[in-house]
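Visitor: Let me see the structure of the following:
(one chain, ligands or ions: 1)
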Amino acid sequence: MGYICKTCGNKFSILEKRFRCDCGSPLDLEIDTFFSKKDLQKRGESIWRYREAYGLPADLLPVSLGEGRSPLLKRSIKGDDVLVKLDFLQPSGSFKDRGASVSISLANYIGVDRAVEDSSGNAGAAVSAYSAAAGIACTVFVPDYTPDGKLTQIRLYNANVVKVPGKRQDAHHAAMAAARTSFYASHIWSPVFVQGLASSAFEIWEQLGGRVPNMVIVPVGSGGYLEGLYQGFTLLKNAGYTRSIPQIIGVQALNCAPIHEAFQRGMDSFADVESSQTIAEGISVQQPARSKSVLECIRASKGFTIGVSEQEILEAVRTLFTMGIFAEPTSASVLAGWFKLEPKQRKDAVLLLTGSGLKQTKKLAELFPE
Ligand SMILES: [Zn+2]
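Guide: Next up, the predicted model:
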C-alpha cells in the first residue's frame with residue numbers, strides 16, 4: 001500500500017501530502033488488498049462497499065454522502081440494445097463524487113485542514129461538497145474569465161474561490177503552489193481520486209450479475225474516469241472475478257481531441273492540436289497531464305477512441321431528452337460515439353453518462369431555443 005512512481009520507481013507513504021513524484025511524474029497507487037464477494041453481502045450501497053480497493057488504511061473513516069450505485073438501464077436505441085449508466089445521479093451531480101469522497105477521506109485521515117483544487121466544473125463542485133461534509137476548508141482556483149454563474153455551486157458549498165488571471169494553466173499552477181502547504185485533491189493528479197472512480201467498474205460488474213460488458217464508452221478530457229475504469233476492471237480480473245476486461249472506448253469532441261489524435265497517430269502521449277470551443281466543455285482539455293497512462297489503458301484494453309462533432313453531440317443530447325434522461329452535453333458525447341459504431345461492433349456496450357443537465361439549464365436553453 002502506498003504511492004509508486006512508474007517513471008523512476010520511487011515509493012512514498014500514502015500519509016504524505018504529496019500529489020506527484022519528486023521527478024514530476026504522476027503517481028500510482030499500489031493496491032495489495034481487495035474485497036471478497038462475501039464482504040459485499042453485508043455492506044451498504046455506497047462506493048465504500050469496495051473500500052479495500054482504494055489502498056487506504058483500514059481504520060480510515062469515510063467522508064461519504066452516499067455516492068455510488070448509479071442506475072444501469074437497459075434501453076433500445078434505433079433497434080439496438082445498449083446499457084446506460086446514469087452516473088450523474090450523485091450527491092453533487094457528477095461521477096466526480098466517487099473520486100472526491102475517497103480523496104477527501106484521505107485528507108481528513110491525515111489531518112489536513114485545507115484542500116485545494118483547480119476546476120470550475122464538476123470536479124470543483126465535488127471537492128467543495130466533500131470538503132464541506134468533512135469540515136475541511138476548500139480553495140478552488142479558477143481562470144479569472146470563468147463566469148460567476150458557473151461557480152454558484154462551488155461558492156454555496158462554502159469554498160473559497162480564487163480567480164487567477166491568465167489561462168486555465170495559470171489556475172493549475174496557482175493550485176500546485178498552494179498544494180505545498182495544503183492537500184491537493186486534484187481530479188487529475190491525485191491517485192486516490194482516480195482510484196475512487198474505479199468503483200464504477202465494480203458496480204457495473206455487480207449490476208450485470210457478476211460479469212463485465214464487451215465495452216464501456218466514456219468521455220475523455222483529462223482521462224481520469226477512463227483510467228479509473230481500466231484499473232477497476234483490471235483489479236476484478238486479477239482477483240479472478242472475471243476472465244476478461246471490457247474494451248475501453250474514449251470519446252472526445254473533435255473541437256478539442258488531443259488524445260483521439262494521439263491514438264489515431266500511434267503516439268504515446270497527447271498530440272499538439274488546435275482547439276476551439278465545444279459544447280462538451282467538460283472534456284475540453286488541450287494538454288491532458290496523464291495522457292500517457294490514458295493511452296496505455298485504451299490500448300491495453302484493446303479499445304480505441306472516437307471523435308465526435310458538435311452536431312453529433314447535439315443530436316445525442318436530444319436523443320437522451322426523448323428517453324427522459326437529462327444529461328449535460330459532455331455526457332451525451334458517449335452516445336454520439338456509440339452511434340458512430342457499426343451495429344455489430346456496438347453490442348453489449350455500457351455508456352457512462354457523467355454529468356447532470358440540471359447544472360446547465362441556461363446553456364441547454366440556448367442550445368435548444370423554443
Ligand atoms: Zn518519479
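Visitor: rest of the way, CA atoms for contacts and neighbours
Guide: Will do.
Visitor: Do a quick rundown of the helices in this protein.
Guide: Secondary structure of the chain (DSSP state H): helices located at 37-41, 96-109, 122-134, 148-156, 168-178, 191-197, 199-207, 224-238, 258-264, 291-300, 310-322, 329-339, 361-367.
Visitor: and the third one, how far out from the chain's middle?
Guide: I take that to be helix 122-134. Centroid displacement of helix 122-134 relative to its chain, using C-alpha atoms, centre = their mean, to the nearest Å, is 14 Å.
Visitor: Dump the C-alpha coordinates for it into PDB.
Guide: What follows is helix 122-134, C-alpha atoms only, in PDB (Å, rounded to 0.1, in the frame of the first residue of the first chain):
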ATOM      1  CA  ASN A 122     -17.800  19.100 -11.900                       C
ATOM      2  CA  ALA A 123     -14.600  18.300 -10.100                       C
ATOM      3  CA  GLY A 124     -14.600  21.700  -8.300                       C
ATOM      4  CA  ALA A 125     -18.200  21.100  -7.200                       C
ATOM      5  CA  ALA A 126     -17.400  17.600  -6.000                       C
ATOM      6  CA  VAL A 127     -14.300  18.500  -4.000                       C
ATOM      7  CA  SER A 128     -16.100  21.500  -2.400                       C
ATOM      8  CA  ALA A 129     -19.100  19.300  -1.400                       C
ATOM      9  CA  TYR A 130     -16.900  16.700   0.300                       C
ATOM     10  CA  SER A 131     -14.700  19.300   1.900                       C
ATOM     11  CA  ALA A 132     -17.900  20.900   3.400                       C
ATOM     12  CA  ALA A 133     -19.000  17.500   4.600                       C
ATOM     13  CA  ALA A 134     -15.700  16.800   6.200                       C
END
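Visitor: can you give me the angle that helix makes with helix 148-156?
Guide: 20 degrees (axes from the mean of the first three to the mean of the last three C-alpha atoms, to 10 degrees).
Visitor: Tell me the residues on the chain that lie near the ion, please.
Guide: Cys5, Cys8, Cys21, Cys23 (C-alpha under 5 Å from the ion).
Visitor: that older thread, so can I have JSON lines of the helices of the chain showing mean pLDDT?
Guide: Compiled in JSON lines, the helices of the chain are given as follows (pLDDT from 0 to 100):
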{"stretch": "helix 37-41", "mean pLDDT": "94"}
{"stretch": "helix 96-109", "mean pLDDT": "97"}
{"stretch": "helix 122-134", "mean pLDDT": "97"}
{"stretch": "helix 148-156", "mean pLDDT": "91"}
{"stretch": "helix 168-178", "mean pLDDT": "89"}
{"stretch": "helix 191-197", "mean pLDDT": "95"}
{"stretch": "helix 199-207", "mean pLDDT": "98"}
{"stretch": "helix 224-238", "mean pLDDT": "97"}
{"stretch": "helix 258-264", "mean pLDDT": "98"}
{"stretch": "helix 291-300", "mean pLDDT": "96"}
{"stretch": "helix 310-322", "mean pLDDT": "98"}
{"stretch": "helix 329-339", "mean pLDDT": "97"}
{"stretch": "helix 361-367", "mean pLDDT": "94"}
